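**Student:** Give me a model of this one.
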Amino acid sequence: MNVLKPRAAVPALEVETLDGPWSLADQKPENFTMIVFYRGLHCPICTKYIGELDRMVGDFSEIGVSVLALSTDTQERAGQARKDWELSNLNLGYGVTVGQCRDWGLHRSASRGMTSIGIEEPAEFNEPGIFIVRPDNTLYWSQISTMPFARPHFREIIGGLKFALEKDYPARGELS
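**Tutor:** This next block holds a predicted model:
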């Protein structure tokens, strides 16, 4: 597993989304690109978490942050998540590979069968991760987890990014 360091280049990322192909190299945000890896359709916590993000896409856009949410789900499962979770603002990526999970330092899990909401887990899937990337494709901030719960709230992320932008706060955690 790779450990990404702030101020260093992040791995290339190209994925399919429900809105067409997406490449990190093609992003030109005013301030940051926020990449949110979620567990997938089967995850009851993702339902609420990604729903919150969907409602806040405009808030992130106002501070110059573009947003992508993505998972190892298939196109069909990503489409089902968009429909079932009533997502109308968020671009959803799908088909994240094992290699991409490793490149980004994400933890992966194996299926344990049916979830509490009655949806079968895929054979393998990524655990949550959030990456805030500068326009020069260097890492500004990241948060990864081995579990589906205890994720940072998007309102707190917006507050932190506003502070960082106002104070020209540097990326932290760059030392090995």
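**Student:** quick check: longest helix of the chain.
**Tutor:** helix 44-62 (DSSP state H).
**Student:** Just the residues contacting that helix, thanks.
**Tutor:** With contacts defined as C-beta atoms under 8 Å, 6 or more residues apart in numbering, helix 44-62 is touched by 34, 36, 38-40, 66-67, 69, 71, 81, 84-90, 115-117, 128, 148-149, 151, 153-155, 158. For glycine as for every other residue, the C-beta is placed from the backbone atoms N, C-alpha and C.
**Student:** Please convert the buried members of those into ChimeraX selection syntax.
**Tutor:** The command below creates a ChimeraX selection of those among the contacts of helix 44-62 that count as buried (16 or more other C-beta atoms under 10 Å):
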select :34,36,38,39,40,66,67,69,71,81,85,87,90,115,128,148,151,154,158
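**Student:** Restricted to helices, list the contacts of helix 44-62.
**Tutor:** Residues of those located in helices (DSSP H): 81, 84, 154, 155, 158.
**Student:** can you tell me how far the third one sits from residue 40?
**Tutor:** Here residue 154 is placed at a distance of 19 Å from residue 40 (C-beta to C-beta, to the nearest Å).
**Student:** Also the first one?
**Tutor:** Here the distance between residue 81 and residue 40 works out to 7 Å (C-beta to C-beta).
**Student:** what sits in contact with each of these two?
**Tutor:** Residues touching both residue 81 and residue 40 (C-beta under 8 Å, 6+ apart): 46, 73.
**Student:** Which residue, neighbours along the chain excluded, lies closest to residue 21?
**Tutor:** With C-beta to C-beta, 6 or more residues apart in numbering as the criterion, residue 21 has its nearest non-adjacent residue at 7.1 Å, and that residue is residue 14.
**Student:** could you pull out the strands for the protein?
**Tutor:** Assigned by DSSP state E, the strands in the chain fall at 14-17, 20-23, 32-37, 65-70, 92-94, 108-110, 124-126, 129-133, 139-144.
**Student:** Good, we can wrap up now.
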